[in-house]
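**Q** next comes the sequence, and after it the predicted model I'd like to discuss.
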Amino acid sequence: MPEPLLQLEGVQTHIGPYHILHGVDFDVPAGSLTMLLGRNGAGKSTTLRTIMGLWQASSGRIRFDGRDITASATPDIARAGIAYVPEAMGIFTDLTVRENIVLAARSGPVDSARLDWMLGLFPALRRFWNLPAGNLSGGQKQMLAIARAIAEPRRLLLVDEPTKGLAPVMVRSMIEAFKALKAAGETILLVEQNFYAASVLGDGVVVMDDGRIVHSGPMSDLVTDQSLQQRLLGLSLDAHQ
Ligand SMILES: Nc1ncnc2c1ncn2[C@@H]1O[C@H](COP(=O)(O)OP(=O)(O)OP(=O)(O)O)[C@@H](O)[C@H]1O
């Protein structure tokens, strides 16, 4: 197994009076795609937000590349190399696709080789380069949000439900883009509800329920064990179609 780039140990998170994460432990190995699965309300988004410092862990440890980031501020966590694409995406709908990407590269212009690579991942963005991002479809906006996250080289990408609400053809494009990101050696932690997408993309899988990790291991074990899927995720056979 490669060294973990990200490690969570006993992470607990409270949101106001609510105790949401009850001791979350898992690793994200470098150079792999780890899927974070679980039923609605399991705590997946809260886990990503806690990693980013948007919620403060009330106990436990979060280490990134060996460094303790549990109490770090969100801008410091981003500067350390973690990019986060929330479900609500965070793109500027009044600005063009080009402006959205230019603004995302904080340390200077995006170098042209990287831009070509990004637009190769998401060809629709090239097509709508000079159009306001508000005109893009839901899936294209999601692609723009991911392109913004990788406008500069990052060490870890956290992406929350990139296929949510997308038509099957867009889900397939999104899967292809993540396959290309994996092939480029990116380290990714992906929250996904689409089990087909999860099964083809995941190297490792972590399943949450009620703010706890209830399973972790290779994705291939979960894909081949339908009773485990049923028990952990309530999936039936049609989840594979
Ligand atoms: N701002 C908040 N205030 C209070 N409770 C919250 C808040 N945000 C999330 N929660 C609660 O925390 C729990 C976990 O929510 P979270 O969004 O992390 O789950 P999730 O696994 O990402 O779910 P989904 O798949 O539906 O997005 C839920 O019970 C949710 O209602």
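**A** Nice, thanks for sending it over.

**Q** so how far is the ligand from Asn100?
**A** In this view, Asn100 and the ligand are 24 Å apart by C-beta to the nearest ligand atom, to the nearest Å. For the C-beta atoms, the positions are set from N, CA and C on the backbone; glycine is no exception.

**Q** that residue touches Leu131, doesn't it?
**A** No: at 10.7 Å, Asn100 does not count as touching Leu131 under the criterion of C-beta atoms under 8 Å.

**Q** any idea how far stretch 76-96 is from the middle of the chain?
**A** Computed by C-alpha atoms, centre = their mean, to the nearest Å, the chain-centroid distance of stretch 76-96 equals 11 Å.

**Q** do that stretch and the ligand meet?
**A** No: Stretch 76-96 lies out of reach of the ligand by C-beta under 6 Å from any ligand atom, never closer than 6.7 Å.

**Q** Asn100 and Leu131 - which one has more neighbours?
**A** Using other C-beta atoms under 10 Å, the more surrounded residue of Asn100 and Leu131 is Asn100, with 24 against 14.

**Q** in a helix, that one, correct?
**A** Yes: counting by DSSP: H, G, I helix; E, B strand; the rest coil, one finds Asn100 located in a helix.

**Q** tell me who's in contact with it.
**A** Ile91, Phe92, Ala133, Leu144, Arg148 (C-beta atoms under 8 Å, 6 or more residues apart in numbering).

**Q** for Ala88, same thing?
**A** Ala88 makes no contacts at all, as judged by C-beta under 8 Å, 6+ apart.

**Q** where's it, which helix or strand?
**A** Secondary structure from DSSP states H and E places Ala88 outside every helix and strand.

**Q** same question for Thr13.
**A** Assigned by DSSP H and E, Thr13 belongs to strand 4-15.

**Q** is any residue of that strand near the ligand?
**A** Yes: Strand 4-15 reaches the ligand (C-beta under 6 Å from any ligand atom) through Ile15.

**Q** C-terminal to that strand, what's the next element?
**A** Downstream of strand 4-15, the first helix or strand assigned by DSSP H and E is strand 18-29.

**Q** sheet-wise, list the partners of that following strand with their directions.
**A** Take DSSP bridges as the rule and strand 18-29 pairs in its sheet with strand 4-15 (antiparallel).

**Q** and for the partner strand, what's in contact with it?
**A** Around strand 4-15, the neighbours that count as contacts under C-beta under 8 Å, 6+ apart are 19-30, 46-47, 50-51, 55-65, 70, 82, 155-156, 187, 189, 211.

**Q** if you set the cut-off to 6 Å instead, what comes out?
**A** The contact list for strand 4-15 (C-beta atoms under 6 Å, 6 or more residues apart in numbering) reads 20-21, 23-30, 46, 50, 55, 57-65, 156, 187.

**Q** now do that strand: distance to the chain's middle.
**A** Here the centre of strand 4-15 is set off from its chain's centre by 16 Å, with C-alpha atoms, centre = their mean.

**Q** what sits closest to the residue nearest in space to the middle of the chain if chain neighbours are left out?
**A** By C-alpha atoms, centre = their mean, the chain has its centre lying nearest to Val159, at 1.8 Å. Of all residues not flanking Val159 in the chain, Val85 sits nearest, at 4.5 Å (C-beta to C-beta, 6 or more residues apart in numbering).

**Q** hmm, the one you found is touching Leu144, no?
**A** No: between Val85 and Leu144 there is no contact under C-beta atoms under 6 Å: 10.0 Å.

**Q** got the residues of this structure near the ligand?
**A** Contact residues, the chain versus the ligand (C-beta under 6 Å from any ligand atom): Ile15, Tyr18, Ile20, Gly38, Asn40, Gly41, Ala42, Gly43, Lys44, Ser45, Thr46.

**Q** please flag which of those sit within helices.
**A** Those of these mapping onto helices are Lys44, Ser45, Thr46, per DSSP state H.
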